[in-house]
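[1] coordinates only, sequence not included:
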């Protein structure tokens with residue numbers, strides 16, 4: 001089988017047919033040879049990662065010359081008698097020419113809805129719509145498809161830190177969430193004091209332990225009595241949950257984190273909300289009860305170039321990045337104040353690495369958004385989930401599920 005893809009600026013439309021049907025070859029057909037070659041490279045990486053052995057060819061044409069387009073289309077039919085033309089994307093003149101050629105030569109056409117996986121096949125002047133298995137991409141494949149890459153590294157490297165989401169980790173994250181949700185402001189104040197102590201230069205050789213004088217939180221820092229009270233309260237709850245261990249010797253207080261993942265979780269005030277959202281995203285279900293999300297990561301650091309450009313190194317961090325089928329889902333998590341700048345940041349990254357199909361969600365704790373903020377989010381097709389700290393886990397999962405599905 002040969003699929004002829006009409007190249008489109010929506011990258012997902014250029015690969016969806018190949019992911020679903022895994023043909024012997026695919027021909028990317030469009031106007032800009034440079035863009036075709038760049039996408040051919042990205043597509044080849046994705047297919048190789050999925051062990052799909054489709055041969056990728058590229059053909060360019062002057063889309064202002066109707067006769068040239070028709071000649072190319074007829075050439076594909078002659079060279080590949082088994083070819084199917086995918087109308088999912090493509091420039092207008094190519095699609096018009098394709099209609100004329102198809103009417104004369106009676107060849108199969110189809111279009112695919114990347115969201116639903118529905119395939120509409122047009123043959124002998126009739127249309128048949130059928131369901132097929134939806135294509136899927138991992139978060140890494142989704143970003144690769146758009147010419148970027150997720151950078152991974154160790155804690156403190158400024159890169160995405162791989163997580164071990166076993167049962168213990170999940171229970172610890174939920175325990176942290178229950179401490180945070182009691183009072184989000186108190187949590188932020190406490191972590192503001194704790195965060196500097198989690199820097200590697202302040203830790204012992206084990207990378208998990210820091211020590212401070214007994215009176216450190218009272219006199220060693222320029223903190224208000226409110227922040228000190230919040231800090232002591234949170235420390236007490238963390239030790240009670242077995243996430244942090246405290247030992248007092250002489251005039252010193254010695255604290256040891258349970259593991260590196262808990263150290264990371266307590267290094268920034270918003271990390272626990274990110275991790276909790278990640279767990280709930282992975283629990284999102286469709287109406288049939290099947291999992292909505294195939295791949296997800298928190299703290300995803302995306303480099304806009306693959307490989308990275310050392311002279312123009314543009315990066316963004318997305319709090320939670322997931323995929324539902326082949327569609328990327330971009331989630332920003334805010335445990336505190338948020339302004340319209342966050343909407344523009346989320347929208348910019350999502351459109352760059354997901355196009356019009358990308359899902360965009362902003363998760364917030366205590367925030368009574370102004371009407372203008374809500375309207376701007378709606379205009380940018382960003383779904384808002386507010387006051388998540390007041391929701392049960394089941395309610396939050398349902399809200400996430402609804403926003404991912406719709």
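    Received, thanks. Quantities reported herein were computed from a predicted structural model and do not represent experimental measurements.

[2] counting contacts, what elements does the helix or strand hosting residue 344 pack onto?
    Assigned by DSSP states H and E, residue 344 falls within helix 340-354. Secondary-structure packing of helix 340-354 (3 or more C-beta pairs under 8 Å, 6 or more residues apart in numbering; DSSP states H and E): helix 139-145, strand 315-324, strand 327-334, strand 359-364, helix 371-379. To be clear about C-beta, it is placed using only N, CA and C from the backbone, and glycine gets the same treatment.

[3] now the angle from that helix to helix 371-379?
    In terms of direction (axes from the mean of the first three to the mean of the last three C-alpha atoms, to 10 degrees), helix 340-354 departs from helix 371-379 by 10 degrees.

[4] tell me the angle of helix 340-354 relative to strand 315-324?
    Per the same axes, to 10 degrees, the angle that helix 340-354 makes with strand 315-324 is 60 degrees.

[5] for helix 340-354, list every residue counted as buried.
    Buried residues in helix 340-354, counted by 16 or more other C-beta atoms under 10 Å: 342, 343, 346, 347, 349, 350, 351, 352, 353, 354.

[6] check the gap between the residue nearest to residue 247 when sequence neighbours are not counted and residue 205 for me.
    Nearest residue to residue 247 in three dimensions, chain neighbours excluded: residue 254, at 4.5 Å (C-beta to C-beta, 6 or more residues apart in numbering). Distance check for residue 254 against residue 205: by C-beta to C-beta, to the nearest Å, it reads 13 Å.

[7] between these two, tell me which one has more neighbours.
    residue 254 (14 against 6; other C-beta atoms under 10 Å).

[8] confirm that the more buried one sits in a strand.
    Yes - note on residue 254: a strand contains this position according to DSSP: H, G, I helix; E, B strand; the rest coil.

[9] what's opposite it in the beta bridge?
    Bridge pairing for residue 254 (DSSP bridges) gives the partners residue 211, residue 247.

[10] is it true that it touches residue 213?
    No - assessed by C-beta atoms under 8 Å, residue 254 is found out of contact with residue 213, at 10.9 Å.

[11] among the buried residues of helix 340-354, which one lies nearest to residue 119?
    Nearest to residue 119 among the buried residues of helix 340-354, counting by C-beta to C-beta, is residue 354 at 21.6 Å.

[12] look up how far residue 227 lies from the residue lying closest to the closest one once chain neighbours are set aside.
    Leaving aside its sequence neighbours, residue 354 sits nearest to residue 328 (C-beta to C-beta, 6+ apart; 4.2 Å). Distance, residue 328 to residue 227, by C-beta to C-beta: 38 Å.

[13] which of those two has more residues huddled nearby?
    For residue 328 versus residue 227, neighbours defined as other C-beta under 10 Å are more numerous around residue 328 (28 against 18).

[14] what's near enough to touch the more buried one?
    Residues in contact with residue 328 (C-beta atoms under 8 Å, 6 or more residues apart in numbering) are 137, 139, 142, 143, 321, 322, 350, 353, 354, 357, 358, 359.
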